[in-house]
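**Q** got a predicted model here, sequence first, then my questions.
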Amino acid sequence: MEAQGLHANRLANRIKLKEEHIITRMANIAEGLTDVIRLGRGDPDLDTPAHIVKAGQDALGRGETHYGHPLGLPALRKAIAENIKAYGGADYSPDEIVVTPGGQHAMFVIALSLLNPGDEIIVPCPGYNPYSQAAELSDAKVVQVRMSMETNFTLTAEMVKAHITPKSRVLVLINPNNPTGTVTPPDEVAKIAQLAIEHDLIVISDEIYARLTYGNQRIQPVAALPGMRERTITLSGFSKAYAMTGWRIGYFAGPRELIVAMAEVNHAFAISTASVSQHAALAALTGSQDCVEEMRQTYDERRKAMCEGLDAIGIPYAEPQGAFYVYANVAATGLPASEFCQKLLAEGRVLVYPGTIYGDYTDDFVRMSLTQPVARIREAMSRIQTVVNTIRAE
Ligand code: PLP
């Protein structure tokens, strides 16, 4: 609802969205319906693995209910540094890592720390939109690199280059990307890194889905490339790979000089991250990693089921190579995707998100999360078929 009367002019100019977001509207509609298949939020239906939950419970039992170290539990930062290294990333010392209440929170800390008014930040489009919101709150200019279905929404150095200007300061890479599930191939990541060096850009490398890839896809950590450690902020978290969305814990890592200042910004916003979540995250990193592989395989099965279902209906989609989303083109239904989503929710009781919230300018795409078991995904596909048939007959 838009602010009215007494409050109409009270919101600051930097607050662009003055009315209820389509996601909130759809969430409210879904609350009033029964048997909704929720393929909206990027929130795993899978439980946080038991040993991680137990570590959280134990921490509570020990009275770990206080503020912690401003940068994060030292043992956790050490484990994060080791984990980054173990997966081919850069060599960070624990004091180059800041633990935050979620990766999303980190985006705002990083943007506010790096961007001056008028600076340009290059973001993938479609891409995870809070980066743009964080940049707008910093009064920076968001420059979108538009990718297309013809090339499976793959980001290339050539595309990035075409958007660099003398005002470019920061480049956001999300690999695998949300909402498209596309992986930027290692050779393109290396070429993009070279551009960053040539044009003196800082890269925010969002690697939160890096452990969730399919087939023979591989993620190249940006900071591990020659010359990149000093100009990369690596952002990640526990929400996706360990099914820990509700624990609200993530982190960012970067060169000490930048991290010192960013840690202060983070401290001003958050003081510290919940101690119980930090102990749980420590167990996530130091315990067996089999749970991550099991979840990855589960998403892979769901991915195949959803792609089969969409093939049967005749809805084209980008090949999902990572993360847990399928990005599908519903233009053939004849409805804009944002309308299709609302009709699908009301008539089919399937909740999916319109691509427009990820910067898509064509309103042709929907994002479907692989956050339901295979049987529910199949049921969702059958409901989508019914709604598509109804639209075609109207
Ligand atoms: N980065 C990407 C690409 C995401 O999709 C998300 C959440 O969906 C996040 C970061 C933030 O996750 P969290 O704040 O739960 O760590």
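**A** It's in.

**Q** which residues of the stretch 1-150 of the chain lie near the ligand?
**A** Counting by Cβ under 6 Å from any ligand atom, the residues of the stretch 1-150 of the chain close to the ligand are 42, 102-104, 128. From N, CA and C alone the C-beta is placed, and that goes for glycine too.

**Q** including pLDDT, secondary structure and neighbour count, could those go into a markdown table?
**A** Below are those laid out as a markdown table (pLDDT from 0 to 100; DSSP: H, G, I helix; E, B strand; the rest coil; neighbours: other Cβ atoms under 10 Å):
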| residue | pLDDT | secondary structure | neighbour count |
| --- | --- | --- | --- |
| G42 | 96 | coil | 20 |
| G102 | 98 | coil | 21 |
| G103 | 98 | helix | 23 |
| Q104 | 98 | helix | 19 |
| Y128 | 97 | coil | 24 |
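
**Q** check whether the longest helix anywhere in the chain contacts the ligand.
**A** For the chain, the longest helix by residue count, based on DSSP state H, is helix 290-313. No: Helix 290-313 lies out of reach of the ligand by Cβ under 6 Å from any ligand atom, never closer than 13.9 Å.

**Q** what residues of that helix count as buried?
**A** Of all the residues in helix 290-313, those buried under the rule 16 or more other Cβ atoms under 10 Å are 291-292, 295-296, 298-300, 302-303, 305-307, 309-310, 313.

**Q** same question, stretch 269-282
**A** Buried, per 16+ other Cβ under 10 Å, within stretch 269-282: 270, 272-282.

**Q** what does stretch 101-117 give?
**A** Neighbour-count burial for stretch 101-117 [16+ other Cβ under 10 Å]: 101-115.

**Q** over to stretch 196-203?
**A** In stretch 196-203, counting by 16+ other Cβ under 10 Å, buried: 196, 199, 201-203.

**Q** chain center to the helix or strand hosting Q342, what's the gap?
**A** Applying DSSP states H and E as the criterion places Q342 in helix 337-343. Centroid separation for helix 337-343 versus its chain: 22 Å, with Cα atoms, centre = their mean, to the nearest Å.

**Q** who's in contact with that helix?
**A** 22, 26, 29, 330-331, 333, 335, 351-356, 360, 363-366, 387, 391 (Cβ atoms under 8 Å, 6 or more residues apart in numbering).

**Q** quick one, which of the residues you listed are buried?
**A** For the contacts of helix 337-343, buried by 16+ other Cβ under 10 Å: 22, 26, 330-331, 333, 335, 351-356, 360, 363-366, 387, 391.

**Q** let's see which of those end up in strands.
**A** In this view, these that belong to strands under DSSP state E are 351, 353-354, 365-366.

**Q** now for those, which pair is the farthest apart?
**A** Maximum pairwise distance among those (Cβ to Cβ): 15.6 Å, between L351 and F365.

**Q** where are the low-confidence patches of the protein?
**A** Applying pLDDT under 70 to the chain picks out residues 1-6, 8.

**Q** buried set for the helix holding Q342?
**A** Buried, per 16+ other Cβ under 10 Å, within helix 337-343: 337-338, 340-342.

**Q** looking at those, spot the one nearest the ligand.
**A** C341 (17.8 Å; Cβ to the nearest ligand atom).

**Q** excluding its backbone neighbours, what's nearest that closest one?
**A** P354 (4.8 Å; Cβ to Cβ, 6 or more residues apart in numbering).

**Q** and for A224?
**A** Per Cβ to Cβ, 6+ apart, closest to A224 is A90, 4.8 Å.
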